[in-house]
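In: Build the 3D model from these lines:
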Amino acid sequence: MADKINTGTILIKEGTVLPEGLQLESEPYSKGWKLVKNLSSSGLDRKLCEARWTFFYMAEEVNAVVVGSDLEKMKRRAVKRVVASMKSERSNCLEITHVAAKRFLGLPYVTVSGHPRHIQESMFLFHAKRLAEWDQAKSAVA
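Out: A predicted model of the protein is given here:
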């Protein structure tokens, strides 16, 4: 399977609640994350707006740099690092905003940047009802 990580790629956490009737074509990407196929962030935003859901854009940018020789493997490792460094554990989506393969002193490397995104029904980020549910779930695990 060829890696499909490019600028505009969307990754969604497995188990993310989506509007009823919204069909997203996706494939597993890494543990706990699915890659959305054939749909950019603007396309997903449009579909969510039609369903009266909200696709939040988080201001923080997360970055990763990976050195190696195989471009596709470097991209995959960089995306895994970006996902791992996302500060907001309440974000259920990631939009890849920059992918670049370069060389420094003959050594190939890849940089990947992304912005956490969040899909939810309410227009208020982390609606109080959802916060209470997340806090209860966190307490149960701890």
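In: Identify the bridge partners of the residue most central in space within the chain.
Out: What sits nearest the mean C-alpha location of the chain, by Cα atoms, centre = their mean, is Leu94, with 1.8 Å. According to DSSP bridges, the residues that bridge with Leu94 are Leu11, Pro116.
In: any idea how far it lies from Glu20?
Out: Leu94 is 23 Å from Glu20, where distance means Cβ to Cβ, to the nearest Å. C-beta: built from backbone N, CA, C; applies to glycine.
In: where exactly do the strands run in this protein?
Out: 10-13, 26-30, 33-36, 54-57, 62-67, 93-104, 107-120 (DSSP state E).
In: Please convert these to a markdown table, extending it with mean pLDDT and distance to Arg77.
Out: Listed next are those as a markdown table, based on pLDDT from 0 to 100; distance: least, Cβ to Cβ, whole Å:
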| stretch | mean pLDDT | distance to Arg77 |
| --- | --- | --- |
| strand 10-13 | 92 | 14 |
| strand 26-30 | 89 | 10 |
| strand 33-36 | 92 | 14 |
| strand 54-57 | 85 | 25 |
| strand 62-67 | 94 | 5 |
| strand 93-104 | 93 | 13 |
| strand 107-120 | 92 | 8 |
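In: With distance to Met86 added, can I get the ones you listed in TSV?
Out: Below are the strands of the chain laid out as TSV (distance: least, Cβ to Cβ, whole Å):
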stretch	distance to Met86
strand 10-13	10
strand 26-30	13
strand 33-36	11
strand 54-57	13
strand 62-67	6
strand 93-104	7
strand 107-120	5
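In: To Arg81, which of these lies closest?
Out: Among these, the nearest to Arg81 by Cβ to Cβ is strand 62-67 (3.6 Å).
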